[in-house]
Each structure stands twice: as structure tokens, then as C-alpha cells.
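[1] let me see the structure of the following:
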Amino acid sequence: MTIDDITMEALGDAAFEIGLATGLPGPVRARVRTLAGRRVSFVEFDRIDPAAPLTADQAMTIEVAARTAFEERMPFVAVINSAGADIGDGIAALHGWGRVAAVLTKCSGVVPTFAILDGPAVSGPALLLGLMDFVVVTHEGYAFVNGPLMVRQFTGIDISKDELGSPASLERHTGLPVAVVPDREAGVAYVEELLAYLPDDCDQQPPRWQLADPVDRLCPEAGDLIPDSSTGSYDVRHVAEAIVDDGSMLEVRARWAGNVVTAFATLGGRPVGIVANQPMNLAGTLDIPASQKAARFVAFCDAFNLPIITLVDTPGFYPGKDLEWRGMIRHGAQLVYAYGRATVPRVCVILRKSYGGAYIVMDSKTMGNDVCLAWPWAELAVMGAGQAAAILQRRATDEERRAFEVDYTERLLNPYVAAERGYVDAVIEPSETRREIAAALDMLDNKRESIPRRKHGNTPL
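    Here you go, the predicted structure:
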């Protein structure tokens, strides 16, 4: 039987699998198997302690599995437990993981790729994790390019393995894991959850969910969550949960860059990607990690045909010398680029504030979104009234400043000015948000865009 002969009926038996590269020695096995009824190319390191170094043969096993995923258009899943390239194998080991990296690069944007880190990933194998779409880390996992010994030799700083690359460190500081789970089995279960929102490859549509939640259900609780004060805090995840199908939301990278939320969900049974500013963290401003997190998520959704819903409530970019020197311009442009390049259906809802450059970045009409909606109290402007008064009324009295702020708010800080100019398609009641987004997605179901003929764009990395 060839891979092409494998049918979903044959794979209905969870025990059914086809081995790949079975003649190669080492503690790595590759096979085609099913996860939640889906055909995947699955490669797995054995549970051994200490973890085995990556030899040329083991790298070839991973390469065969990744190439099978690419050629047969199926998701790729790898369970990693590797102590780095085998020193005794010499240059052959380095050549092996380089070939794996080349195939994973080919897979990018063609088939979804997943890694479950259940042990170490050091040096080359750690970089392979960075090529994966989603990395799930177990409590036994840790990863770094250079370990504590190299750090001490080159910098003189003593640091433990856990401080450098533990699951908590990776989750909080690097943005590598989409989730941390107890063990390998839980990692596989989490990958199955992710797969439920995704197609097998870039030429297919995501699978529809069978749900009983009425698509025209009103959601007044979404608007009730917004505080009366324009500076009040709230959890935007509860707003998103009120809008999407009940119980369908799965947040990814929740503990990294908490000022923006990225999540999968369904609306009317249709899988979607959600990007939302989080007022509970840094007032929902955009900084470098938030821009990177949202940009990568938008790019993934665009690659695999998931419509993007953007929930906007941001006063702008987070100010600071350090951020500017670390490249806020380049990294902020990553999010601009991701939205500007996306061709999937895009619906933007302005919940409250949308100021300055962040207004443009968060999938504004200018960036080419398909439908832009706003709630009645939404504020769209270069800046808030207080900031505008500080600049334009520097020499005014306190009374004159207050009068200016009232006038500025009434004349400019409302969505109807933007709607008159076509920058907002409709001002809607919060309770109608679910119904309006669903109608927009139905209208855009057959959206197709002609992509300019070119080798590829030059992403502002």
C-alpha cells in the first residue's frame, strides 16, 4: 500500500499506521497515523533519559517524515527529545539537521507543522522548533541554542538550565510555546485541539463544526463588559467569547505578550482567527512582542484560509526609548505587513479606542479589511482629547483646556465621522456584533484575490 492509497475509512482505526524510514537505526520513529480522525505524518523520539544526541540517521528519519507531510499534503507532528547534534557524528550530524530545516521551510505555509517538546532541544534541534507553526512544551521540556556552560564561558554569568530554557521561561519570555502541558499525551491531545480548526493543507478550507449555537444570537453581554470610563480596564477575552460560538475559543500563546490576544474560535461553525487588544495589559498598547505575536498569527491564518476577526481597543504604540532602540519601527511594521498581505476575509470591530498609528496597524480600512464595524462609543482619532489638549493648548488655562477637550470629543471622537468618510462600514449595537460578523463572513465566503506575480515579498523581520 502506498501513501496515496490511504483513505480516511482505512485510517478510522486509531491503531492503523504506516511506518516511514523503518530501516534507519536510532531512538526515532516515523509513521503516518491518525490524530482525531486526521491523517498526519508523525515522528517521535523515544522517552529516554538522558536524551540521545541527534545523529545523521535520526535526522534522516525526521526529514523523511517532514518530506512525506509536504508531498502528501498532511499535517506534520514531531515529538522532540534531543540533546543536540551528536559530537561523535561530526559534520554529518550538522548536515542532517540542516536538511531537516530545509524541508520544514518548504512545509511552511503549505501544511500545518507542530512540535511537542518532551525533553531537551539544544542547539540545532532548538532552531528547528522555531520553524514550526506551533510548539507545545511538556513539564519535562526545555530548549536553548546555547546552554548554561556556553553562557558561563562567554559571558561569565552563572545560570541554571531551568532559568535559561524551562517551560515557564520559554512561555513567558520567548513566545515559542503555544501552551505548556503536563506530559507527552497531553501534548498530543492539544495538537488534536488545534487541528480541529485547521485544514490539512493550504489548498483546503478549514473543517466546519456542527454546533447548536444560533448564528443570529444577540450578545448584549459583549457591550456590557466595557467600562463607562474610556480608561477603564476589562478582559477582552470575555468579549470575544460572547461573540463566537459557545465554548469554541482556544487561546494560543496566552502568557506571552499579554497586551494582545490571539485565539482560534468558530462562528456559525466556521473556524476563524481572533486578534484583539487586551486593555488589562499595558492598556492594550502595542509593543514589540505584541506586534510579533499578532503578525505571526495573522500570517498563519492567511496561509491556511481562516478568516480573521480583529477586535480593536488600543490607545497606540507603547512609548519608550528602549523600545525604539530595539526596533519598534521594524517590528511594528511586521504587523502592518501581515495584515496588508492577507487575502482571507477580514472583519474589524472597533470596541472603544483606536488611536494614531495603531489605528492603521490593527487592520483598518486603509490596510484593506473587508468590513469595518464600530460600536457607538468608539473613538477613532490621531489621539485622545487629553493628549490633543496637551499639544494644541499648551498655553491655555485649565478652563480653556477643558472646553477644548469637550469640543474635541464631540466633534472628532466618535465613529460617525469615520463612517461619513467610508472608513467605517457600519456603526452597530454591541448586541448585534455576532450576527453582523456572521453575515459579513457569509458574504465573503467566496472571496478571492489576485496575488501579484513575484518570488516573495520582503517581510520586515
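[2] any regions of the stretch 1-150 of the chain where pLDDT drops low?
    Filtered on pLDDT under 70, the stretch 1-150 of the chain yields the residue ranges 1-16.
[3] tell me, how many residues neighbour residue 83?
    18 (other C-beta atoms under 10 Å). Yep, even glycine has a C-beta here, placed from its N, CA and C like the rest.
[4] distance of it relative to residue 239?
    Per C-beta to C-beta, to the nearest Å, residue 83 is found 45 Å from residue 239.
[5] now residue 427
    17 Å.
[6] all strands in the stretch 351-461 of the chain, in order from the N-terminus.
    With DSSP state E, counting those that start in this stretch as the criterion, the stretch 351-461 of the chain has strands at 371-374, 379-381, 426-427.
[7] export the ones you listed to CSV and tack on mean pLDDT and distance to residue 248?
    Formatted as CSV, those follow (pLDDT from 0 to 100; distance: least, C-beta to C-beta, whole Å):
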stretch, mean pLDDT, distance to residue 248
strand 371-374, 96, 20
strand 379-381, 83, 30
strand 426-427, 96, 25
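[8] most tightly surrounded among those?
    strand 371-374 (a mean of 24; mean count of other C-beta atoms under 10 Å).
[9] which helices and strands does that one pack with?
    Where contact means 3 or more C-beta pairs under 8 Å, 6 or more residues apart in numbering; DSSP states H and E, strand 371-374 is packed against strand 346-355, helix 415-420, strand 426-427, helix 433-443.
[10] picking that back up, mind checking the strands of the stretch 351-461 of the chain for the one nearest to residue 456?
    With C-beta to C-beta, the closest approach to residue 456 among those belongs to strand 371-374: 28.1 Å.
[11] show me what that closest one pairs with in its sheet, parallel or antiparallel.
    Using DSSP bridges, the strands paired with strand 371-374 are strand 346-355 (parallel), strand 426-427 (parallel).
[12] of all those strands, which one comes closest to residue 455?
    strand 346-355 (24.7 Å).
[13] and that closest one, how far from the chain's centre?
    19 Å (C-alpha atoms, centre = their mean, to the nearest Å).
[14] and it, average pLDDT?
    Averaging pLDDT along strand 346-355 gives 94.
[15] next, the angle helix 433-443 makes with it.
    140 degrees (axes from the mean of the first three to the mean of the last three C-alpha atoms, to 10 degrees).
[16] circling back: want to try a markdown table for the strands of the stretch 351-461 of the chain, with distance to residue 349 as columns?
    Formatted as a markdown table, the strands of the stretch 351-461 of the chain follow (distance: least, C-beta to C-beta, whole Å):
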| stretch | distance to residue 349 |
| --- | --- |
| strand 371-374 | 5 |
| strand 379-381 | 12 |
| strand 426-427 | 10 |
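[17] and of these, who's closest to residue 147?
    strand 371-374 (48.4 Å).
[18] near residue 204, how many other residues are there?
    12.
[19] out of the helices and strands packed on strand 371-374, which gets nearest to residue 249?
    helix 433-443 (12.8 Å).
[20] would you mark the buried spots in the closest one?
    Of all the residues in helix 433-443, those buried under the rule 16 or more other C-beta atoms under 10 Å are 433, 434, 435, 436, 437, 438, 439, 440, 441.
[21] so how far is residue 208 from the last one?
    Right, residue 441. 12 Å.
[22] overlap in contacts, these two.
    residue 270 (C-beta atoms under 8 Å, 6 or more residues apart in numbering).
[23] which residues of the stretch 301-450 of the chain score low on pLDDT?
    Within the stretch 301-450 of the chain, the segments meeting pLDDT under 70 span 382-390, 392, 394, 400, 405, 407-408, 410.
[24] Three-state assignment for the closest residue to residue 131 other than its chain neighbours, please.
    Nearest residue to residue 131, sequence neighbours excluded (C-beta to C-beta, 6 or more residues apart in numbering): residue 104, at 4.4 Å. Using DSSP: H, G, I helix; E, B strand; the rest coil, the structure places residue 104 in helix.
[25] what count of nearby residues applies to residue 104?
    26.
[26] correct me if wrong: it contacts residue 127.
    No. Here residue 104 lies out of contact with residue 127, judged by C-beta atoms under 8 Å, at a distance of 10.0 Å.
[27] OK, contacts around residue 112?
    By C-beta under 8 Å, 6+ apart, the neighbours of residue 112 are 75, 76, 133, 134, 194, 195, 198, 200, 304.
[28] look up the closest residue to it, ignoring the ones flanking it.
    The nearest residue in space to residue 112 (C-beta to C-beta, 6+ apart) is residue 75, at 4.7 Å.
[29] so the one you found touches residue 41, yeah?
    Yes. If you go by C-beta under 8 Å, residue 75 and residue 41 touch, sitting 7.3 Å apart.
[30] can you work out which residues contact both of the two?
    residue 69.
[31] among the two, which residue is more densely surrounded?
    Counted by other C-beta under 10 Å, residue 75 and residue 41 do not tie: residue 41 has more neighbours, with 28 against 24.
[32] can you show me the helices along the stretch 301-450 of the chain?
    Assigned by DSSP state H, counting those that start in this stretch, the stretch 301-450 of the chain shows helices spanning 321-325, 328-341, 356-361, 385-392, 398-412, 415-420, 433-443.
[33] make a markdown table from the ones you listed and add distance to residue 96 to it.
    A markdown table is the format used below for these (distance: least, C-beta to C-beta, whole Å):
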| stretch | distance to residue 96 |
| --- | --- |
| helix 321-325 | 39 |
| helix 328-341 | 31 |
| helix 356-361 | 41 |
| helix 385-392 | 56 |
| helix 398-412 | 61 |
| helix 415-420 | 55 |
| helix 433-443 | 44 |
